[in-house]
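Colleague: Here is a sequence together with a model predicted from it:
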Amino acid sequence: MTPTRLARWLLLGAGTMDAATGLGLSLAPAATLALMGVVPPGGEALVFLRWVGAFVGAVGATYLWGWLHARRLLRPVLELTVIFRLAAGVFSAVAIARGWLTPAWLSVPVTDLALVGVQVLLLAKGAGDHA
């Protein structure tokens, strides 16, 4: 399988995952966190989680937009989303290490940083050069 074909599957998978997570956090943050094994915060903090959900959903939409228009957008979407994933992955890893977030949040930096690695590798192998 070519790097471009793998990247197209990555855009679909990551986009679906982020769009669903973002929608869940925006509409039902406590239930979404419970599915992740995270104890939901109370009160005003749920408003901030809804806000985060909007951003996560937007990243998912960016991946899906790249998937729909892969011929011209595959490479730029991979490059752009590496920035968002790296920021979210590093921040959440530091937050867990400092005790700001419980270890139940570990799936966030693991997923984000793994996708950064895969995306950088796909870009280095020429994904999207001949989409």
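Modeller: Thanks, I have it.
Colleague: quick one: the helix or strand of the chain with the lowest mean pLDDT to chain centroid distance?
Modeller: Lowest mean confidence among the helices and strands of the chain (mean pLDDT, DSSP states H and E): helix 29-36, at a mean of 93. A distance of 16 Å separates the centroid of the chain from that of helix 29-36, by CA atoms, centre = their mean, to the nearest Å.
Colleague: Quick check: closest non-adjacent residue to the most centrally placed residue in the chain.
Modeller: The centre of the chain sits closest to residue 18, judged by CA atoms, centre = their mean, with a distance of 5.2 Å. Among residues not flanking residue 18 along the chain, residue 60 sits closest, at 2.9 Å (CB to CB, 6 or more residues apart in numbering). Just so you know, the C-beta spots here come from the backbone N, C-alpha and C atoms, and that holds for glycine as well.
Colleague: Could you give the number of residues near that neighbour?
Modeller: As a burial measure, residue 60 scores 21 neighbours (other CB atoms under 10 Å).
Colleague: for the record, mean pLDDT for the one helix or strand it maps to?
Modeller: In the assignment (DSSP states H and E), residue 60 maps to helix 45-68. Helix 45-68 carries an average pLDDT of 96.
Colleague: tell me the angle the least confident helix or strand of the chain makes with helix 45-68.
Modeller: Between helix 29-36 and helix 45-68, the angle formed by their directions is 70 degrees, by axes from the mean of the first three to the mean of the last three CA atoms, to 10 degrees.
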